[in-house]
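Visitor: output the structure for:
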Amino acid sequence: MALLTAPAVAALLLLFWSAAYGGDAQDQGVPPPYQDASKDVEVRVRDLLARMTLAEKVGQMTQIERIVASPQALRDYYIGSLLSGGGSVPRKQATAAEWVTMVSDFQKACLSTRLGIPMIYGIDAVHGHNNVDPNLVKRIGAATALEVRATGIQYAFAPCIAVCRDPRWGRCYESYSEDHRIVQAMTELIPGLQGDVPQNFTSGMPFAAGKDKVAACAKHFVGDGGTQNGINENNTIIDQQGLMSIHMPAYLDALRKGVSTVMISYSSWNGLKMHANHDLITGFLKGRLNFQGFTISDWEGIDRITSPPGANYSYSVQASILAGIDMIMVPNNYQNFITILTGHVNSGLIPMSRIDDAVTRILRVKFTMGLFENPMPDPSLADQLGKQEHRDLAREAVRKSLVLLKNGKPGDAPLLPLPKKAARILVAGSHADNLGYQCGGWTIEWQGDTGRTTVGTTVLDAVKAAVDPSTEVVFAESPDAEFVRSGGFSYAIVAVGEHPYTETKGDSMNLTIPDPGPSTVQTVCAAVRCVTVLISGRPVVIQPFLGAMDAVVAAWLPGTEGQGVTDVLFGDYGFTGKLPRTWFRSVDQLPMNYGDAHYDPLFPLGFGLTTQGKMYQN
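Guide: I've put the predicted structure just below:
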């Protein structure tokens, strides 16, 4: 075999560069414009798009699950995005370093392709604190971005800006309120996740600033919180004025704050699946509102265009892409999706202009984020995961989001705040010492779990930490009446509520607390003064036993920081939270929202008793 001389090697490299990037040989020592960070984003996007084959473009439009991903597949199919679905992790209790290694390996594979386009990795970042001030929400967003980035991930499927109009919906706890004005205010999570947009920013452009920020995702476009009877993925029956006045306003705020992506809803609007709604996605969102980031489907969302799902996948691909969806969360059978989409383009069913529009938007987000300059995870962020400052922030969010619904029976003195010094107190209930129940769904596992699922403080842990050392704390999950009567308890704290759920599995037509919650409340509260801490993703039925309770606290899903609950129970801080949604008397009233003609709530939107705290309220 003849040896190549140095000039021959140089000539071969010139040929390779020319084949890969085009241009005259005399210009081959200069990197292509898309690799030049000093150039305008739009210049870089146009340059890169012009160099791409159809296979490379379709790959950018494809988001796949990490479980089915491999370095070889990422290279062969030019995959543009990966995600972790609920519970999809490198291993149980994986460290930040293990996440970083996994993401890095995937990213290296993507960077080794002909054009070296980095992938963007997405994950859900759903939390249960829904009634806090916008500034606090922004701080939560910034902390979330740091923790997501600490694992090497650059894209969070948040915030959910649904306006939940029926608490029977299993995703209601992902929504901030039934009132679009509250949801609009809570879009402050977006600058927390992405950073503050600069002055003179053009609404609709994507924005994400720096290696400690992530791309955000406003979801689910549009009307997902208004489905009939609160059934998940169902039909939202409402006229255009209603859709625009209730469900659309938060999207305008999201676009003004530079949200990078918008996820399309599983639901339908007046019978038409949103994943196939060209008028709203292309006509309104992209056209009227000038959204320039990319739209993304929900998990197997295009499959659900047909009934049953997947009945005509070829049509689903065609309808969703033509409707204006840019990236498809496939997430598993990506080879089939890529084959069908490529065939549709080659046959003329889908014009190349639609593909170019989708890829332009995806590349725009990647360039804006700085992924081409900083594609790899930053190991120095590893200590951000679960750091104490973030736990303190979560604890602050808990105490500010709690809503005091009742404090004392008629004619009696208020029960709260509780004295820390007492001879003997009872802590009872299924949710008193269960971290999984406190956190709810989207925690470790997709549907959540029970028990000590993660690091954190239960209500029982927090009570023990808060009371005077001389106070005896007795825990009985489901005590009998005689035990309570003869126990000599000064007072009792009963924590009950919903079991974890997400999405359709959370749909409930009765909204009752699972047994033995109600009987525990009635048994304990009949024998001793008691405060009931309700842990739930939404209002639940409490009227039948409201009279038995001396005090009632809506704690929502307080997550890992149980001390946020005891901070206000024992009066270190005052109760300040207000209801972000109507608390109904009976499910027969539903749907019932503030302003309805038949509005007759147990507790109205905005209700919340207050108490004085010993510490400064920041």
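
Visitor: what about Ala55, neighbour count?
Guide: 12 (other Cβ atoms under 10 Å). Just so you know, the C-beta spots here come from the backbone N, C-alpha and C atoms, and that holds for glycine as well.

Visitor: any idea of the pLDDT on it?
Guide: In this model, Ala55 is scored at 98, pLDDT.

Visitor: next one: the one 5 residues further on
Guide: At Gln60, the model reports a pLDDT of 98.

Visitor: now it. Its backbone dihedrals?
Guide: For Gln60, the backbone dihedrals (degrees, to the nearest 10) come out as phi -70, psi -30.

Visitor: ok, now Ala554?
Guide: phi -80, psi 110.

Visitor: so it touches Val403, yeah?
Guide: Yes. With contact defined as Cβ atoms under 8 Å, Ala554 reaches Val403; the gap is 4.3 Å.

Visitor: ok, those two, which is more surrounded?
Guide: Per other Cβ under 10 Å, whichever of Ala554 and Val403 has more neighbours is Ala554, with 26 against 22.

Visitor: pull out the buried positions in stretch 484-494.
Guide: Neighbour counts over stretch 484-494 (16 or more other Cβ atoms under 10 Å) mark Val484, Gly487, Phe489, Ser490, Tyr491, Ala492, Ile493, Val494 as buried.

Visitor: and stretch 169-179, by the same measure?
Guide: In terms of neighbour count (16+ other Cβ under 10 Å), stretch 169-179 has its buried residues at Trp169, Gly170, Arg171, Cys172, Tyr173, Glu174, Ser175, Tyr176, Ser177, Glu178, Asp179.

Visitor: and what of stretch 185-203?
Guide: Using 16+ other Cβ under 10 Å as the test for burial, stretch 185-203 gives 185-195, 197, 203.

Visitor: cool, stretch 222-235 as well?
Guide: Those would be Val222, Gly223, Asp224, Gly225, Gly226, Thr227, Gly230, Ile231, Asn232, Glu233, Asn234, Asn235, for stretch 222-235 by 16+ other Cβ under 10 Å.

Visitor: equivalent analysis for stretch 388-396, please.
Guide: By 16+ other Cβ under 10 Å, the buried positions in stretch 388-396 come out as His390, Arg391, Leu393, Ala394, Arg395, Glu396.

Visitor: please save the CA atoms from that stretch in CSV.
Guide: Extracted in CSV, the C-alpha atoms of stretch 388-396 (Å, rounded to 0.1, in the frame of the first residue of the first chain):
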residue,chain,number,x,y,z
GLN,A,388,-29.8,23.3,50.8
GLU,A,389,-30.6,26.7,49.3
HIS,A,390,-33.1,25.0,46.9
ARG,A,391,-34.6,23.0,49.8
ASP,A,392,-35.0,26.2,51.7
LEU,A,393,-36.7,27.8,48.7
ALA,A,394,-39.1,24.8,48.5
ARG,A,395,-39.8,25.1,52.2
GLU,A,396,-40.7,28.8,51.7
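
Visitor: what are the contacting residues of it?
Guide: 129, 136, 139-140, 143, 146-147, 384, 559-561, 563-564, 567, 618 (Cβ atoms under 8 Å, 6 or more residues apart in numbering).

Visitor: if we can go back for a sec, intersection of neighbour lists for Ala554 and Val403?
Guide: Gly577, Leu579.

Visitor: against Glu188, how distant is Arg256?
Guide: 11 Å (Cβ to Cβ, to the nearest Å).

Visitor: make that Pro308, sorry
Guide: Distance, Pro308 to Glu188, using Cβ to Cβ: 40 Å.

Visitor: ok, Lys420 next?
Guide: Taken as Cβ to Cβ, the span from Lys420 to Glu188 is 35 Å.

Visitor: now Asn593. Nearest residue, chain neighbours left out?
Guide: Glu178 (4.8 Å; Cβ to Cβ, 6 or more residues apart in numbering).

Visitor: dump the residue contacts of the one you found.
Guide: Val163, Cys164, Arg165, Pro580, Arg581, Thr582, Asn593, Tyr594, Leu605 are the contacts of Glu178 under Cβ under 8 Å, 6+ apart.

Visitor: looking at the buried residues of stretch 484-494, which is nearest Cys530?
Guide: Closest approach between the buried residues of stretch 484-494 and Cys530, by Cβ to Cβ: Ala492, at 4.2 Å.

Visitor: A strand includes that closest one, no?
Guide: Yes. Under DSSP: H, G, I helix; E, B strand; the rest coil, Ala492 sits within a strand.

Visitor: thought it was touching Leu426?
Guide: Yes. Using Cβ under 8 Å, Ala492 is in contact with Leu426, at 4.0 Å.

Visitor: overlap of the contact sets of the two?
Guide: Contact criterion Cβ under 8 Å, 6+ apart; residues shared by Ala492 and Leu426: Val484, Val524, Val528.

Visitor: in what helix or strand does the last one lie?
Guide: Taking DSSP states H and E as the criterion, no element holds Val528; it sits outside all helices and strands.

Visitor: could you do Pro419 as well?
Guide: Applying DSSP H and E as the criterion places Pro419 outside every helix and strand.

Visitor: so who does it touch?
Guide: Ser490, Phe570.

Visitor: ok, back up a step: I'd like the buried residues of stretch 185-203 as a markdown table, with distance to Val365, secondary structure and pLDDT appended.
Guide: Formatted as a markdown table, those follow (distance: Cβ to Cβ, whole Å; DSSP: H, G, I helix; E, B strand; the rest coil; pLDDT from 0 to 100):
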| residue | distance to Val365 | secondary structure | pLDDT |
| --- | --- | --- | --- |
| Ala185 | 25 | helix | 97 |
| Met186 | 22 | helix | 96 |
| Thr187 | 18 | helix | 97 |
| Glu188 | 21 | helix | 97 |
| Leu189 | 18 | helix | 97 |
| Ile190 | 14 | helix | 98 |
| Pro191 | 16 | helix | 98 |
| Gly192 | 18 | helix | 97 |
| Leu193 | 13 | helix | 97 |
| Gln194 | 11 | helix | 98 |
| Gly195 | 14 | coil | 98 |
| Val197 | 14 | coil | 98 |
| Ser203 | 16 | coil | 98 |
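
Visitor: and the closest residue to Ala185 other than its chain neighbours, its phi and psi?
Guide: Counting by Cβ to Cβ, 6+ apart, Ala185 lies nearest to Pro134, which is 4.8 Å off, once chain neighbours are set aside. Dihedral pair for Pro134: phi -60, psi -40, per degrees, to the nearest 10.

Visitor: so which of the contacts of Glu178 sit within strands?
Guide: Of those, none are assigned to strands by DSSP state E.

Visitor: ok, of the residues you listed, which come out buried?
Guide: Val163, Cys164, Arg165, Pro580, Arg581, Thr582, Asn593, Leu605.

Visitor: isn't the third one right next to Gly595, touching?
Guide: Translated: Arg165. No. Contact criterion Cβ under 8 Å: Arg165 and Gly595 do not qualify, at 11.2 Å.

Visitor: so Lys108: helix, strand or coil?
Guide: Under three-state DSSP, the three-state class of Lys108 is helix.

Visitor: confidence score at it?
Guide: Per-residue pLDDT puts Lys108 at 98.

Visitor: that one: neighbour count?
Guide: Count around Lys108 with other Cβ under 10 Å applied: 15.

Visitor: ok so, going back, the buried residues of stretch 169-179: which two are farthest apart?
Guide: Gly170 and Asp179 (20.2 Å).

Visitor: and the strands in the stretch 151-300 of the chain, which stretches?
Guide: 155-156, 217-221, 235-236, 261-264, 268-269, 272-273, 294-296 (DSSP state E, counting those that start in this stretch).

Visitor: please identify the buried residues of the second one?
Guide: Read it as strand 217-221. Cys217, Ala218, Lys219, His220, Phe221.
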